[in-house]
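Peer 1: the amino acid sequence is not available; the structure is as follows:
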């Protein structure tokens, strides 16, 4: 187990009607609130009017930044920063999934500097010393951004999707009401769940391989997602299943299950490049990349892939080599993605073989995983996913 | 899943030499430090001199409260409060296990009021609005007090062992170095591990019974403790196994695995009464109470006991009734306690049948568990544990 530090100060309010905690939380901040959200879904499902009512009751001045797209772009962050600076915004309240939250985090950091936020934080990785405080009302369980310090923003013109992390970016609070996810489009439920699983995979499949509670906790989350996604796909308003998916989203990337691990994150980087060119859903890209990545690296972390096959998929080990067991676990993963309706090839999402070179070019390689990777390796992984 | 709030601001520094973080953390606080600890073990194993060196380098004035006993008594808290008040203590640094930490938490709260701390907080459960900040250097994995808001103190004369909880009592930071546990007496390792398991049981065996990630995470911790305690009992200086036990201690009671649950805590209350009369190790008391409690209540939460038997102990279910499966899981728990060398009867720790009435009398019943309990039930559980 590697040495680690852990600190996570985000307050979580979880459950039906947990919006009731919003008033009390907002009292700690000034009166100028920037409300950030995506399309019109929060107006259709009633979240928007209920939040506006609370803000008005608290005598807040409400400013708005709407239309935050998936794979949020830096232009939208500039828009938000401008609103913050011109109106002395005291608090940002993000209503949405990872895209809205990540865009809002970038705004919160960028609003406190005079320099260009993109260059300072996302390109140069400068330290963030101050940020406009941020609260979250979560509507899509997926990224875990509601309880972590990360933000991912895209420069669409340069096809760069980059992550930035700072302790200043933990949300002050996040309100997680599973009923808010009842009306999510089926695809978003599926892709969100794949994102959750992918976050676990990135942390699970890496050195050190020795016994670590993080492995046991990771398997617990994987199994819970599989169990509850199945129920939600049959009954989208199953409160308990929706609750579990939502809490799995948070627990998969609030830092806990990566403790003591190197972590990998190559597959996420490959997917970032895919969606920086094609604007495909993050979860769809991950379903395409992961099985191919697994098959490419499994020999370098064979014991872990064997453990995964047995503990997650119940692969029968009698008369099989470790390689056979590991490959069966990977195959089961792929079959699972197909079963829940995710794409597993580039072709399915319209990405042609000819684009693999330029996609590969933009992939950042963290190289903390089982296998030290070159761009050639990335290319091979993508070719195997055609 | 019940609605829940979660907030835990304790910073964790985990791993060999994580004491290196102490200087930096102390810079945030004033110069008068109260060092609290138990017997002389931290002087023998080298922790004390290394901490003193760091405190001196940081130009801190060091005051000391030593001799904090297991099942810490309120008199010791008064001693600490006196030191705090007389010397304007800015920060309390606790070196030890749960007893030292809990005593220090009570001191930290009591040092900020003019009233009697015992009456105000532990008897009347008044809210705590201020507390001397506290840091922890953990030496015994067991109570989880290093990352939670609770404190348990004993009034030995009245045979009352009472818990108190306040958000003011989260340690500011906790330093967890698994090598500090290499020289723990075997009994403390065993009883600490039982305490960890017992914390999981208290949260796991309660309503609601529906699918909840907390169950999966709980089973992950139970299995990790069983796996790693076995290794530690064979090789007390196995770093990885010691690391896992230490991190399991924290994760079992930092709030995460109880989220969305009613939780029970009757067995802890019964044990508190045992050790308030007999000063037996908390873990020993829990090993005696738990199998008996399980057998007494299992019919009221049958599905959960069946799940536990299968997922934790791998009980074969072919041709068995649910009751048989559940009972086999309970029996395995009991056998496990015997195997690791814990007592499972009152007789083994010298508590006579005649004392059951007065022990029962002092048991506080939270009654949030599967079974609504009366004192008669407590008595029956203790009689079955003779």
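Peer 2: Cool, the structure landed. Note that the structure is a prediction, hence the values are computed from the model and not measured. Residues are numbered from 1 along each chain as shown, chains lettered A, B, ... in the order given.
Peer 1: from here on, just use CA atoms for contacts and neighbour counts.
Peer 2: Will do.
Peer 1: least trustworthy helix or strand in chain A by mean pLDDT?
Peer 2: helix A:41-44 (a mean of 90; mean pLDDT, DSSP states H and E).
Peer 1: so which bits of that one are buried?
Peer 2: Neighbour-count burial for helix A:41-44 flags residue A:42 (criterion: 16 or more other CA atoms under 10 Å in any protein chain shown).
Peer 1: ok, and what's touching it?
Peer 2: Helix A:41-44 has contacts (CA atoms under 8 Å, 6 or more residues apart in numbering or on different chains) with A:48, A:49, A:95.
Peer 1: do stretch A:359-374 as well
Peer 2: Contacts for stretch A:359-374 (CA under 8 Å, 6+ apart): A:159-160, A:205-207, A:262-266, A:269-270, A:272-274, A:277, A:297, A:300-301, A:375, A:378-379.
Peer 1: what residues sit buried inside it?
Peer 2: Going by neighbour count (16+ other CA under 10 Å), the buried part of stretch A:359-374 is A:359, A:360, A:362, A:363, A:364, A:365, A:368, A:369, A:370, A:371.
Peer 1: within range of chain B, give me the residues from the stretch 151-300 of chain A.
Peer 2: Counting by CA under 8 Å from any CA of the partner chain, the positions of the stretch 151-300 of chain A adjacent to chain B are A:210-213, A:216-217, A:220-221, A:224, A:240-241, A:243-244, A:247-248.
Peer 1: what's downstream of the helix or strand hosting residue A:293, the next helix or strand?
Peer 2: In the assignment (DSSP states H and E), residue A:293 maps to helix A:282-297. Going down the chain from helix A:282-297, the next helix or strand is helix A:302-313, by DSSP H and E.
Peer 1: low-confidence ranges in the stretch 1-150 of chain A?
Peer 2: Low-confidence segments of the stretch 1-150 of chain A (pLDDT under 70): none present.
Peer 1: hang on, the earlier thing: centre of the chain to the least confident helix or strand of chain A, how far?
Peer 2: Offset of helix A:41-44 from its chain centre (CA atoms, centre = their mean, to the nearest Å): 22 Å.
Peer 1: so for chain A, the centremost residue is which one?
Peer 2: residue A:143 (2.1 Å; CA atoms, centre = their mean).
Peer 1: can you tell me the SS state at it?
Peer 2: At residue A:143 the chain is in coil, as set by DSSP: H, G, I helix; E, B strand; the rest coil.
Peer 1: that one and residue A:97 touch, don't they?
Peer 2: Yes - contact between residue A:143 and residue A:97 holds when scored by CA atoms under 8 Å: they sit 7.5 Å apart.
Peer 1: just want the angle from the helix holding residue A:293 to helix A:302-313.
Peer 2: Counting by axes from the mean of the first three to the mean of the last three CA atoms, to 10 degrees, helix A:282-297 points 130 degrees away from the direction of helix A:302-313.
Peer 1: output the contacting helices and strands for helix A:282-297.
Peer 2: helix A:186-204, helix A:266-278, helix A:322-340, helix A:375-383 (3 or more CA pairs under 8 Å, 6 or more residues apart in numbering or on different chains; DSSP states H and E).
Peer 1: and those as JSON lines, adding mean neighbour count and mean pLDDT?
Peer 2: Formatted as JSON lines, the helices and strands packed on helix A:282-297 follow (neighbours: other CA atoms under 10 Å in any protein chain shown; pLDDT from 0 to 100):
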{"stretch": "helix A:186-204", "mean neighbour count": "24", "mean pLDDT": "98"}
{"stretch": "helix A:266-278", "mean neighbour count": "24", "mean pLDDT": "95"}
{"stretch": "helix A:322-340", "mean neighbour count": "18", "mean pLDDT": "98"}
{"stretch": "helix A:375-383", "mean neighbour count": "18", "mean pLDDT": "98"}
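Peer 1: save these as CSV, and put in distance to residue B:334 too.
Peer 2: CSV is the format used below for the helices and strands packed on helix A:282-297 (distance: least, CA to CA, whole Å):
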stretch, distance to residue B:334
helix A:186-204, 33
helix A:266-278, 45
helix A:322-340, 35
helix A:375-383, 51
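Peer 1: for residue B:342, which of those is the nearest?
Peer 2: helix A:186-204 (34.2 Å; CA to CA).
Peer 1: need the longest helix for chain A.
Peer 2: helix A:213-234 (DSSP state H).
Peer 1: please, which helix or strand holds the most far-flung residue of chain A relative to its centre?
Peer 2: Distance from the C-alpha centroid of chain A, by CA atoms, centre = their mean, peaks at residue A:319 (38.7 Å). Assigned by DSSP H and E, residue A:319 belongs to no helix or strand.
Peer 1: how near is it to residue B:94?
Peer 2: Residue A:319 is 54 Å from residue B:94, where distance means CA to CA, to the nearest Å.
Peer 1: show me what contacts residue A:55?
Peer 2: Taking CA under 8 Å, 6+ apart as the test, what residue A:55 contacts is A:23, A:61, A:62.
Peer 1: now residue A:210. Nearest residue, chain neighbours left out?
Peer 2: Excluding the flanking residues, the one nearest residue A:210 by CA to CA, 6 or more residues apart in numbering or on different chains is residue A:1, at 6.9 Å.
Peer 1: so where's the longest strand in chain A?
Peer 2: Ordering each strand of chain A by length in residues (DSSP state E) puts strand A:4-14 first.
Peer 1: need the contact partners of whichever helix or strand comes after it.
Peer 2: Past strand A:4-14, further along toward the C-terminus, the next helix or strand under DSSP H and E is helix A:22-26. The contact list for helix A:22-26, computed with CA under 8 Å, 6+ apart, reads A:54, A:55, A:58, A:173, A:175.
Peer 1: from the residues you listed, which land in helices?
Peer 2: Using DSSP H, the contacts of helix A:22-26 in helices are A:54, A:55.
Peer 1: check contacts around residue A:110.
Peer 2: Per CA under 8 Å, 6+ apart, neighbours of residue A:110: A:81, A:116, A:117, A:131.
Peer 1: and the furthest pair within the residues you listed?
Peer 2: A:116 and A:131 (14.3 Å).
Peer 1: which one of the two has more residues nearby?
Peer 2: More crowded of residue A:116 and residue A:131, by other CA atoms under 10 Å in any protein chain shown: residue A:131, with 21 against 12.
Peer 1: assign the more buried one to helix, strand or coil.
Peer 2: Residue A:131 is classified as coil under three-state DSSP.
Peer 1: residues contacting the residue lying closest to it once chain neighbours are set aside?
Peer 2: In space, and not counting its chain neighbours, residue A:131 is closest to residue A:109: 4.4 Å by CA to CA, 6+ apart. Going by CA under 8 Å, 6+ apart, residue A:109 touches A:117, A:128, A:130, A:131, A:132, A:168, A:169.
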